[in-house]
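**Student:** Kindly return the folded structure for what I paste below:
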Amino acid sequence: MITLQEGDKAPAFSGRNQKDEKIALSDYKGKKLVLYFYPKDDTPGCTSQACNLRDHFSLLKQKGFEILGVSPDDERSHRDFETKYALPFNLLADPEHKIIEKYGVWGEKQLYGRKFMGLIRTTFVIDEKGIIRKIFLRPRVKAHAEEIIRYWEEQQH
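**Tutor:** As a prediction, the model looks like this:
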């Protein structure tokens with residue numbers, strides 16, 4: 001269950017990406033970070049979301065954002081997903097749910113009336129100082145980059 005709130009300091013973490021490189025939150029100090037948690041590589045909703053972020057990657061970069069995806073999948077799964085869809089950003093493997101638990105995005109879900117535990121698709125926009133500025137609890141997978149950009153532009157006025 002998500003207990004973090006907008007205005008909180010983002011919890012520190014580190015993990016391995018699809019290239020088996022160590023990535024930590026501290027690597028993004030001084031940058032705006034879109035930290036998005038998604039349930040599973042190469043599934044319809046997750047693919048739509050990743051491809052939407054990919055398609056708007058240069059615009060997000062232009063606005064100063066870095067993108068980092070996290071799911072319970074392992075590095076190999078992430079590598080295959082990145083290659084298949086030419087994703088230009090890091091995907092962190094979190095099979096032990098260490099980062100997922102820190103951010104409170106593991107919880108009860110419901111599908112076709114059946115309840116189960118799983119990753120709750122959530123995005124955190126973290127500013128240059130490591131503060132959570134926005135939490136998207138139900139990101140629109142096919143228009144996620146647009147909602148991030150719209151939110152950020154509204155904050156600038």
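**Student:** Nearest residue to the middle of the chain?
**Tutor:** Tyr36 (1.0 Å; CA atoms, centre = their mean).
**Student:** helix or strand for Cys51, which one?
**Tutor:** Applying DSSP states H and E as the criterion places Cys51 in helix 44-55.
**Student:** ok, residues contacting that helix?
**Tutor:** By CB atoms under 8 Å, 6 or more residues apart in numbering, the residues outside helix 44-55 that reach it are 34, 36, 38-40, 60, 67, 69, 71, 81, 85-89, 121, 139, 141-146. Quick note: C-beta positions are derived from backbone N, CA and C, even for glycine.
**Student:** Now do the buried residues in it.
**Tutor:** Neighbour-count burial for helix 44-55 flags 46-47, 49-54 (criterion: 16 or more other CB atoms under 10 Å).
**Student:** what's the closest of these to Gly113?
**Tutor:** Within these, proximity to Gly113 (CB to CB) peaks at Cys46, which comes in at 22.1 Å.
**Student:** Next, count neighbours for Pro11.
**Tutor:** When neighbours are counted by other CB atoms under 10 Å, Pro11 registers 15.
**Student:** got the residue ranges for the helices in the chain?
**Tutor:** With helices called from DSSP state H, the chain shows them at 44-55, 57-62, 75-85, 98-102, 144-155.
**Student:** Adding distance to Ile131 and mean pLDDT, write these out as TSV.
**Tutor:** Formatted as TSV, the entries for the helices of the chain read as follows, by distance: least, CB to CB, whole Å; pLDDT from 0 to 100:
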stretch	distance to Ile131	mean pLDDT
helix 44-55	22	96
helix 57-62	19	96
helix 75-85	27	97
helix 98-102	16	96
helix 144-155	12	94
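**Student:** So in the chain, where's the weakest helix or strand by average pLDDT?
**Tutor:** Ranked by mean pLDDT, DSSP states H and E, the helix or strand of the chain with the weakest confidence is strand 106-111, at a mean of 88.
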